[in-house]
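# model the following, please.
(chains A and B)
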Amino acid sequence: MESLNIYQNSYLFVIVFLFVALMLPIVALSVGRLLRPNQPTEQKMLTYESGMEPFQDARVQFHVRYYLFALLFVIFDVETVFLYPWAVAYEKLGVFALIEMLIFIVMLFLGLVYAWKKKVLKWR
Amino acid sequence: MSGEVIVFLLLSSTAILGGILMLNLKKVIHMLLAVVLTFLSLAGLYVMLSAEFVAAVQILIYSGAVTIVMIFGIMLTKHQAKEEKNKNPLRTTLVGLGIVVFFVTIYLAIRNLYFGQEATALHVNNTEQIGIKIFSYYVIPFELVSIVLLVALMGAVVLAKGEEGDEK
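Numbering: from 1, shown residues only, chains lettered A, B, ... in the order given. Just a heads-up that it's a prediction; the model follows:
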């Protein structure tokens, strides 16, 4: 029970950090709003585009290729997550776990090779 | 009221708030931020359940990666289209009835749920415990996960390739 209390209380620091992280932008932006002069003109309100006149909405439909890259990222993200407990417990698990993890990685590597062969990774 | 209860109430109400906001907000980006809020408060709940590793994974995968995929998924669709208000009283009643039935069913199902003895040592070397469990007791499910991920990857490749073929 003692160690559980220590565990829970140590998360109080996380709450403090969370609070600071939330308050910092709120305070900085609202104090800045109080201090700065505010005289918006139409030219000032334009989006900065390196001297170009901006046109259209920024949130347009993207090409489907972007989606593929995001999905690839998520899949390998999930793979990485499984590597963490394996790495931490490796000392107690031994060679069998190494083989398991090799099978797991090779399985996903096959997917990567497939995507590579299908020229998904190439940007045209 | 102990501190644990207060934190639990705060986190759970933030999670529900995020869900409600997601359903009611109009802009795509705001909806996604509301989902992130829900995910983050769920991570807090996992921390309270002494599941530190799951909480870290929740932040890493859900709040990061899944939100990216969601943003792409929504950006790929026509989201500018105005939704016309369709208020059908019959439909509203049916939905309300469905919610009530669902609530009663779940309430009756979980009222006498017994999970066995409470685990008390979960917070000690949490990640290591999970690793030992996965790699010595749940090996087959773990390898199946790799197959599932492979299928998802190939499916995405096939879908995206099909789309490009149409353009040519």
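# only C-alpha atoms for contact and neighbour calcs from this point on.
Fine.
# ok, the longest helix seen in chain A near chain B or not?
The single longest helix within chain A, with elements called by DSSP state H, is helix A:2-35. Yes - shown here: helix A:2-35 in contact with chain B (CA under 8 Å from any CA of the partner chain) through A:4, A:7, A:8.
# please name the nearest non-neighbouring residue to whichever residue of chain A sits closest to chain B.
Relative to chain B, the nearest point of chain A is residue A:85 (4.2 Å; CA to the nearest CA). Nearest residue to residue A:85, sequence neighbours excluded (CA to CA, 6 or more residues apart in numbering or on different chains): residue B:131, at 4.2 Å.
# which of the residues in the helix or strand encompassing the one you found are buried?
Per DSSP states H and E: residue B:131 is located in helix B:126-136. For helix B:126-136, a neighbour-count test (16 or more other CA atoms under 10 Å in any protein chain shown) marks B:126, B:127, B:128, B:129, B:130, B:131, B:132, B:134, B:135 as buried.
# tell me what that helix is packed against?
Judged by 3 or more CA pairs under 8 Å, 6 or more residues apart in numbering or on different chains; DSSP states H and E, helix B:126-136 is in contact with helix A:64-88, helix A:90-93, helix A:95-117, helix B:52-57.
# swap in 6 Å and give it another go.
Contacts defined by 3 or more CA pairs under 6 Å, 6 or more residues apart in numbering or on different chains; DSSP states H and E place helix B:126-136 against helix A:64-88.
# what is the mean pLDDT for the helix it packs on?
The pLDDT scores in helix A:64-88 average 82.
# thinking again about what came up before, okay, the angle between the helix holding residue B:131 and helix A:95-117?
Here the directions of helix B:126-136 and helix A:95-117 differ by 80 degrees (axes from the mean of the first three to the mean of the last three CA atoms, to 10 degrees).
# and the helix or strand just after helix B:126-136, what's buried?
Sequence-wise, the next helix or strand downstream of helix B:126-136 (DSSP H and E) is helix B:139-167. By neighbour count on 16+ other CA under 10 Å, the buried set for helix B:139-167 is B:142-143, B:145-147, B:149-150, B:152-154, B:156-157, B:160-161.
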